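Visitor: Just need the structure, nothing else, for what follows:
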Amino acid sequence: MAKGWACARPFCMCGVMNRLLVLFSIIAVPVFGETISGRVTDLVTGEPLARVKVELAGQVGEVATGSDGRFRLDSSAVGEQTLVVATIGYRPLRQRARMGDDLELKLQPDSLTHKESVDVAAGPYGAEPAMAVGLSGLELRNLASVLADDPLRAVQALPGVATNDEFKSQFSLRGAGFSRIGIYLDGVLLNQPFHTLQGERDTASITIMEGDTLESVNLFSGPIPVRYGDRTAGVLEMYTREGDRRKFALRASASATAATIFAEGPIGKSKKASWLVGARKSYLEYIIDRTSDEPSLSFGFTDAQAKLTYDVLPKWNVSLSLTDGHSGLDRKGNTNLGINTIFNSRYRYTLTTLTTRFTPSSRFYVVSRASFIRQRYDNVNINRASLAAGSYGEWVGGADATWSWSTRGTFEFGTQFRRLRDEGARNRILTAAPFLQVVDRFRGTGLRSGGYVNHSYKIPFRNMTMSVGARFDGHSESAVKLFLPAASVALDGWKNAKIHLSWAQHAQYPDLNQWFALAGRLDLLPQRSTHYEASVEQRVGDKTRVRVEAFNRLDRDLLFQPLSEARLTSTGAVFLPPALPRWENSWRGYGRGVEVFLQRRTSNGFAGWVSYMYSVSRIRDGVVGQHFDSDSDQRHTANFFGSYRLRPTVNLSGRYSYGSGFTVPGYFGAATITTRTSTVAPLSVRRSLFRLPTQSRLDFRINKVWVHDRWHFTLFAEVINLLNHQNLRFQDYGGVSTSAKTIRLSFERTFPIVPLAGVMVEF
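Guide: Got it, this is the predicted structure:
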């Protein structure tokens, strides 16, 4: 009765509660809402990404992913929303989603080409070639430095790499000089790809390639793969990336040293083609003007890179790339210059490459290329008289093919032809007739041809891979034809350890100016080296590795001008070099040592590496009859790099390099080094007795990004040489005193502590 009475009343407590519950459920949906959840991973490695910022476009509030890459975002929104996912080092992702969705989101590294699909590598090291050390996009950007944004300065932090001149991009590798290291861009060997003051020894340099155009950088410091020829110490391979095929993107940056603009996008709606273009203007000369008294360092430059890519057919891709730059020195208004001092200089570098990739099946593909390289320079004095001028050119053609004839065997082969031309002259202006003295002059052409074959085969025993190959090389100006064999074996050791043994022979023909210069010789032989290397790599999980390498490089027929340096003879007399000391195959020697490399590569937490190398590089000069340390010998070399993503939008990084000191080339004893001035040293019978002081440099960098709906803004700040260590470089020789038996030497301090900052805007 009571129950029926209660339910019969129109305003009974039960009815009121039921109506309130219905009303509360209607209101509660927009107030408390639902959730969007998901996981964020690296597109290339598949690693879950922590500390990634996730938010809904146009709404207040954000969350960060956890250590497992997962996130949960609550919202009062209804219907389809736009999810914005961003963190430093990756391209922001905009994803349409509805409440209740559980998403799998993949972020793409900002240095990688935007593609519809990407092959996931086997862990963070899966994209690296065997026995190479590579740089990822974030590593390349942080190491390239705000000062120069130079990819080769990033390479200077890798194991086995050292430099004795911070003003230059060039480096040495395991005790071998830069002239013996090959720089390959998209499979093409480059000839001195630097902005610099040509014809001057005491100058600076910066790489002509801009870092944003590069997709991968790998350094081979041991036996070189047989597909690369004409170098005897090592190879740095770089590949440019394609433009974004999904949408237009624009990036502009500015710092105290340079301004850069970079753009990319698709062509048409079919996504079969893309374009990419970048331009850079340097203000580096203003920094050098304030840190160096040497005016030949303070040149300016402008360069540009462009690439067009088109899928002619699903299995046929064509790309056309162009790199063009010019640099120079202009001393307008400076009338206090000597007649043999550069008043104005001009330098132009052009590289264009047409590349095709044909993949008729999943087991076979062919990459062919045709390139043109041209370099021209001209230096004049205040009276517009020529001090130095030159022109270099190459036509390059070649192809590489890979055939995976079974699941265990791979056969590679290829060929390359280089038509070379080089001419130049150096003059000295005199105050009396004939007023012009020719110091050097050369002009020559040549055809450099070569090919290679290589076969790799896997056998079940300890997952062993055996590789055997050879190069065949020739030059139209040399009677020497080269056969250069190579072999390697890689197998599993104990748990998660890999053992690698390799051996290879390499050769490098003389440059045209060494054959055809006034001091050249047409009977010069190719330089040769034989590499032996044994390494053990231990993996600790999938992110950390330890590699220990023992290496031995035997060199012979190395080119040098043995009579180009003043010294004391065995009788105590002073020997003065002739005006045109001849080139000779007078050096032979070795570079051997051990290298330890510890690296952790991850998108979460601390990432980086530390490396140490002990090496000895010795030379015997057959003309002089002496043994001595090579010009690139440095016994102890250590490199460190560390990076940590502190927050989704803040990244900290630092690098430290240490060197025990390079030898100073020449026949002299100990000297008291003073910076920005010259010093006197006693001449000696023995060579390479004196070394530069210890080199030490610590750099620190912070990147902060602000992510907006359609664009984001990045602030980067860097302190170079944070400890203000006095690092010196050897400049040049001065006059020789025959009575005092001394020689004048010049040394200069490189960068002091230098704070720098810059900004970047991306759309």
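Visitor: From here on, just use CA atoms for contacts and neighbour counts.
Guide: Noted.
Visitor: mind listing the strands for the stretch 601-750 of the chain?
Guide: Per DSSP state E, counting those that start in this stretch, the stretch 601-750 of the chain carries strands over the ranges 606-621, 626-629, 636-647, 650-659, 677-682, 695-707, 712-720, 728-737, 742-749.
Visitor: May I have the strands that pair with the first one, each with its orientation?
Guide: When you say that, I think you mean strand 606-621. strand 584-600 (antiparallel), strand 626-629 (antiparallel), strand 636-647 (antiparallel) (DSSP bridges).
Visitor: Next: the fifth one.
Guide: Strands adjacent to strand 677-682 in the sheet, as given by DSSP bridges, are strand 742-749 (antiparallel).
Visitor: Need the contact partners of the partner strand.
Guide: 292, 668, 673-683, 726-737 (C-alpha atoms under 8 Å, 6 or more residues apart in numbering).
Visitor: repeat for stretch 441-457
Guide: 226-227, 229, 408-426, 465-477, 512-513, 516-518.
Visitor: Centre of the chain to that stretch, how far?
Guide: Distance of stretch 441-457 from the chain centroid (C-alpha atoms, centre = their mean, to the nearest Å) equals 24 Å.
Visitor: where does the stretch 651-763 of the chain have low pLDDT?
Guide: Within the stretch 651-763 of the chain, the stretches with pLDDT under 70 are 674-677.
Visitor: if you set the cut-off to 50 instead, what comes out?
Guide: Within the stretch 651-763 of the chain, no stretch has pLDDT under 50.
Visitor: next one: the stretch 151-300 of the chain
Guide: Nowhere does the stretch 151-300 of the chain drop to pLDDT under 50.
Visitor: count of neighbours near Leu173?
Guide: Leu173: 25 surrounding residues under other C-alpha atoms under 10 Å.
Visitor: which residue sits closest to it, ignoring its sequence neighbours?
Guide: Once flanking residues are discounted, Leu173 sits nearest to Val161: 4.9 Å by C-alpha to C-alpha, 6 or more residues apart in numbering.
Visitor: hang on, that neighbour packs against Ala176?
Guide: No. At 9.7 Å, Val161 does not count as touching Ala176 under the criterion of C-alpha atoms under 8 Å.
Visitor: Point me to the helix or strand that includes Asp230.
Guide: According to DSSP states H and E, Asp230 maps onto no helix or strand at all.
Visitor: my guess is it meets Asp511, correct?
Guide: No. In this structure Asp230 lies outside contact range of Asp511 using C-alpha under 8 Å: 10.3 Å.
Visitor: Neighbour count: the two, which is higher?
Guide: Neighbour totals were compared for Asp230 and Asp511, and Asp230 leads with 21 against 14 (other C-alpha under 10 Å).
Visitor: Relative to the whole chain's centre, how far out is the longest strand seen in the chain?
Guide: Assignment by DSSP state E gives strand 436-459 as the longest strand of the chain. On the basis of C-alpha atoms, centre = their mean, strand 436-459 sits 22 Å off its chain's mean C-alpha point.
Visitor: need the strands of the stretch 601-750 of the chain in a markdown table with distance to Glu549, can you?
Guide: Shown next, in a markdown table, are these (distance: least, C-alpha to C-alpha, whole Å):
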| stretch | distance to Glu549 |
| --- | --- |
| strand 606-621 | 9 |
| strand 626-629 | 22 |
| strand 636-647 | 14 |
| strand 650-659 | 19 |
| strand 677-682 | 38 |
| strand 695-707 | 24 |
| strand 712-720 | 31 |
| strand 728-737 | 29 |
| strand 742-749 | 33 |
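Visitor: Between those strands, which one is closest to Gly61.
Guide: Ranking these by proximity to Gly61 (C-alpha to C-alpha) places strand 695-707 first, at 13.3 Å.
Visitor: that older thread, quick check on the contacts of stretch 441-457: which are buried?
Guide: Neighbour counting over the contacts of stretch 441-457 (16 or more other C-alpha atoms under 10 Å) leaves 226-227, 229, 409-426, 465-475, 477, 512-513, 516-518 as the buried ones.
Visitor: So if we follow the domain assignment, how does the protein break up?
Guide: Using automatic domain parsing, the domain parsing of the chain gives 33-107, 133-614, 646-763.
Visitor: between those domains, which one is nearest to Ser632?
Guide: domain 133-614 (4.9 Å).
Visitor: Find the residue closest to Ile224 in space, skipping its chain neighbours.
Guide: Using C-alpha to C-alpha, 6+ apart and skipping residues adjacent in sequence, the residue nearest Ile224 is Gly234, 6.1 Å away.
Visitor: returning to that earlier point: rebuild the strands paired with strand 606-621 as JSON lines, extending it with mean neighbour count and distance to Thr41.
Guide: JSON lines is the format used below for these (neighbours: other C-alpha atoms under 10 Å; distance: least, C-alpha to C-alpha, whole Å):
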{"stretch": "strand 584-600", "mean neighbour count": "21", "distance to Thr41": "18"}
{"stretch": "strand 626-629", "mean neighbour count": "18", "distance to Thr41": "50"}
{"stretch": "strand 636-647", "mean neighbour count": "21", "distance to Thr41": "15"}
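Visitor: I'd like the ones you listed as JSON lines, with distance to Leu143 and mean pLDDT appended.
Guide: As requested, the strands paired with strand 606-621 are exported to JSON lines (distance: least, C-alpha to C-alpha, whole Å; pLDDT from 0 to 100):
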{"stretch": "strand 584-600", "distance to Leu143": "15", "mean pLDDT": "96"}
{"stretch": "strand 626-629", "distance to Leu143": "30", "mean pLDDT": "95"}
{"stretch": "strand 636-647", "distance to Leu143": "8", "mean pLDDT": "93"}
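Visitor: how about TSV for those, with distance to Asn317 added?
Guide: Output for the strands paired with strand 606-621, formatted as TSV (distance: least, C-alpha to C-alpha, whole Å):
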stretch	distance to Asn317
strand 584-600	35
strand 626-629	49
strand 636-647	36
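Visitor: Show me the one of those strands that comes nearest Arg280.
Guide: strand 636-647 (26.3 Å).
Visitor: how distant is the closest one from the center of its chain?
Guide: For strand 636-647, the separation from the chain centroid amounts to 17 Å (computed by C-alpha atoms, centre = their mean).
Visitor: Repeat that for stretch 188-197.
Guide: Centroid displacement of stretch 188-197 relative to its chain, using C-alpha atoms, centre = their mean, is 13 Å.
Visitor: just stretch 552-559 next, same as before
Guide: Mean C-alpha position of stretch 552-559 versus that of the full chain (C-alpha atoms, centre = their mean) differs by 25 Å.
Visitor: can you list contacts of it?
Guide: 510, 525-533, 583-593.
Visitor: repeat that for 7 Å
Guide: For stretch 552-559, the surrounding residues in contact (C-alpha atoms under 7 Å, 6 or more residues apart in numbering) are 525-533, 583-593.
Visitor: Assess the claim that Arg647 and Arg51 are in contact.
Guide: Yes. With contact defined as C-alpha atoms under 7 Å, Arg647 counts as touching Arg51 (6.1 Å).
Visitor: ranges for the helices of the protein?
Guide: Ranges of helices within the chain are 2-8, 13-32, 137-143, 151-155, 284-291, 512-516, based on DSSP state H.
Visitor: any idea of the mean pLDDT for the last one?
Guide: Along helix 512-516, the predicted confidence averages to a pLDDT of 94.
Visitor: Which strands and helices lie in contact with that helix?
Guide: Judged by 3 or more C-alpha pairs under 7 Å, 6 or more residues apart in numbering; DSSP states H and E, helix 512-516 is in contact with strand 436-459.
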